[in-house]
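Chemist: starting from these lines, generate the structure:
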Amino acid sequence: MAEQVAALGRRAEETHDRLERGIMQQVLRLDDFFGKANNLKEQHTAYQLRWRNSLRWQQGSGLDVGSTLRANLELSRINDRLQLAISGAGKPDQTTPTLPEDPGNPGFDRTLRNTRIVNTELRYQLMRTAQANLFLGTGFDLAIPPEFFARARYQRLDRVGQYYLLHFGETIFVKNPDGFGETTELSAERSLDPKTLARVALSGTVSQEIKALEWGTELSLLRELSPKSAVTVTGGVYGNTSIDDWVTNYRVLATYRRNFLRSWLFYELEPQVAWPRREDGRFSTTFSVTVRLEIVFQGNERKLVPPP
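Modeler: Numbering: from 1, shown residues only. The predicted structure follows:
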């Protein structure tokens with residue numbers, strides 16, 4: 001039995017390595033095809049791909065299966081400031097609101113996410129330092145008819161004293177046919193000890209699509225349990241100014257994340273209690289449990305390119 005398990009592990013490792021090499025070769029072909037070398041310099045082509053599969057049980061809804069793919073490609077031979085981002089989600093792995101994961105990117109820019117979304121985006125880094133990042137992005141949804149979007153996103157991190165870290169984000173975006181919008185993000189982190197972190201985060205989005213302010217705030221406690229595992233406890237309140245008292249949902253959840261068996265394999269267990277607002281204005285209690293499996297692929301290659 002032990003030998004069979006070991007053999008299965010070796011086959012999984014070999015398959016993962018083969019896929020990583022294959023993806024890296026395709027990224028290099030893309031970079032080489034569109035890029036050109038004008039100077040003798042080191043060029044860096046890299047990618048990271050995260051594939052998450054989820055199984056969620058929700059009270060009153062039964063079991064639901066979802067899958068999400070996020071990939072980022074650095075294409076330095078085309079331009080050392082250029083990135084290609086690819087996002088795809090079959091179904092959301094939870095149906096309660098969260099803070100926007102990627103403002104201005106359709107499917108990840110709202111507290112209530114779209115059910116299905118696949119898009120590509122080209123990003124050009126105008127500024128990239130240890131403290132600040134500013135990029136311009138444009139892309140389209142793989143839908144019929146295609147929907148186009150563009151955005152500018154600025155992010156800044158500042159350390160205050162020995163224990164505090166402040167984050168500010170501002171995103172201006174336009175989507176066809178929804179129009180213009182803007183998202184502001186603020187968060188503060190406090191180190192309680194070397195393995196524990198407290199965070200408070202706020203986000204607000206206004207747009208022609210929403211025609212109101214959609215907002216959310218979360219308080220989280222993050223604790224590293226070991227080099228391979230961590231737990232996060234979060235409480236959140238979310239709302240929209242188009243309703244009378246602005247609040248549409250409350251939720252409390254805990255997420256346990258662990259790296260297991262291989263360095264590229266992770267699982268998460270997330271129980272949650274939510275109180276969404278019903279049509280009659282009252283808040284109902286809803287329980288759910290989500291199990292996620294995440295596989296990470298990544299690769300990079302550096303090379304000296306001679307002049308033509």
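Chemist: and W215, what are its bridge partners?
Modeler: For W215, the beta-bridge partners are G204, G239 (DSSP bridges).
Chemist: and if you look at E268?
Modeler: For E268, the beta-bridge partners are R257, R292 (DSSP bridges).
Chemist: swap in N119?
Modeler: Beta-bridge pairing of N119 under DSSP bridges involves S87, D141.
Chemist: and what of the one 5 residues further on?
Modeler: Note on Y124: beta-bridge partners by DSSP bridges are L82, L136.
Chemist: ok, now which ones touch it?
Modeler: Under the criterion of CB atoms under 8 Å, 6 or more residues apart in numbering, the neighbours of Y124 are 79, 81-82, 135-137. Glycine gets a C-beta too; all of them are placed from N, C-alpha and C.
Chemist: on the pLDDT front, check it for me.
Modeler: What the model reports for Y124 is a pLDDT of 91.
Chemist: and V200, by the same measure?
Modeler: As predicted, V200 sits at a pLDDT of 97.
Chemist: that one looks like it's in a strand, true?
Modeler: Yes. Using DSSP: H, G, I helix; E, B strand; the rest coil, the assignment for V200 is a strand.
Chemist: how much space between it and L166?
Modeler: In this structure, V200 lies at 11 Å from L166, with CB to CB, to the nearest Å as the measure.
Chemist: which neighbours do the two have in common?
Modeler: With the criterion set as CB under 8 Å, 6+ apart, the overlap between the contacts of V200 and L166 is 187-188.
Chemist: now the strands for the stretch 101-250 of the chain?
Modeler: Listed from the start of the chain, the stretch 101-250 of the chain has strands (DSSP state E, counting those that start in this stretch) covering 117-128, 132-141, 147-160, 164-175, 179-193, 196-207, 213-226, 229-240, 247-259.
Chemist: so for W57, which of these sits nearest?
Modeler: strand 247-259 (13.9 Å; CB to CB).
Chemist: give the next helix or strand downstream of the helix or strand hosting S54.
Modeler: Per DSSP states H and E: S54 is located in strand 41-58. Secondary structure here is assigned by DSSP H and E; on that basis, the next helix or strand after strand 41-58 toward the C-terminus is strand 62-75.
Chemist: could you give the angle of that following strand to strand 117-128?
Modeler: 40 degrees (axes from the mean of the first three to the mean of the last three CA atoms, to 10 degrees).
Chemist: strands paired with strand 62-75, and their directions?
Modeler: According to DSSP bridges, strand 62-75 has the following sheet partners: strand 41-58 (antiparallel), strand 82-89 (antiparallel).
Chemist: and it, average pLDDT?
Modeler: According to the model, strand 62-75 has a mean pLDDT of 85.
Chemist: could you turn the buried ones of the contacts of Y124 into a PyMOL selection?
Modeler: Restricted to buried positions by 16 or more other CB atoms under 10 Å, the PyMOL selection for the contacts of Y124 reads:
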select buried, resi 81+82+135+137
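Chemist: okay, who's weakest in the contacts of Y124 by pLDDT?
Modeler: Per-residue confidence over these reaches its minimum at N79, where pLDDT is 69.
Chemist: what residues of the strand holding S54 count as buried?
Modeler: Applying 16+ other CB under 10 Å to strand 41-58 flags 43, 45-47, 49-50, 52-54, 56, 58 as buried.
Chemist: quick one: low-confidence parts of this structure?
Modeler: Low-confidence segments of the chain, defined by pLDDT under 70: 1-5, 8-9, 28-44, 77-79, 90-95, 107, 112-117, 302-308.
Chemist: may I have the phi/psi pair for the most centrally placed residue in it?
Modeler: Residue closest to the mean C-alpha point of the chain, counted by CA atoms, centre = their mean, is E101 at 5.2 Å. Taking degrees, to the nearest 10, you get phi -80, psi -30 for the backbone angles of E101.
Chemist: my read is that it contacts T111, right?
Modeler: No. In this structure E101 lies outside contact range of T111 using CB atoms under 8 Å: 10.0 Å.
Chemist: residues touching the nearest residue to E121 once chain neighbours are set aside, list them.
Modeler: If you skip the residues right next to it in sequence, E121 has G139 as its closest partner in space, 3.3 Å away by CB to CB, 6 or more residues apart in numbering. For G139, the set of contacting residues under the criterion of CB under 8 Å, 6+ apart consists of 85, 105, 119-122, 148-150.
Chemist: with the residues you listed in mind, which one is nearest to V289?
Modeler: Of all the contacts of G139, N105 has the smallest distance to V289: 27.6 Å, by CB to CB.
Chemist: list the contacts for the closest one?
Modeler: N105 touches 85, 87, 119, 121, 137, 139, 149, 151, counting by CB under 8 Å, 6+ apart.
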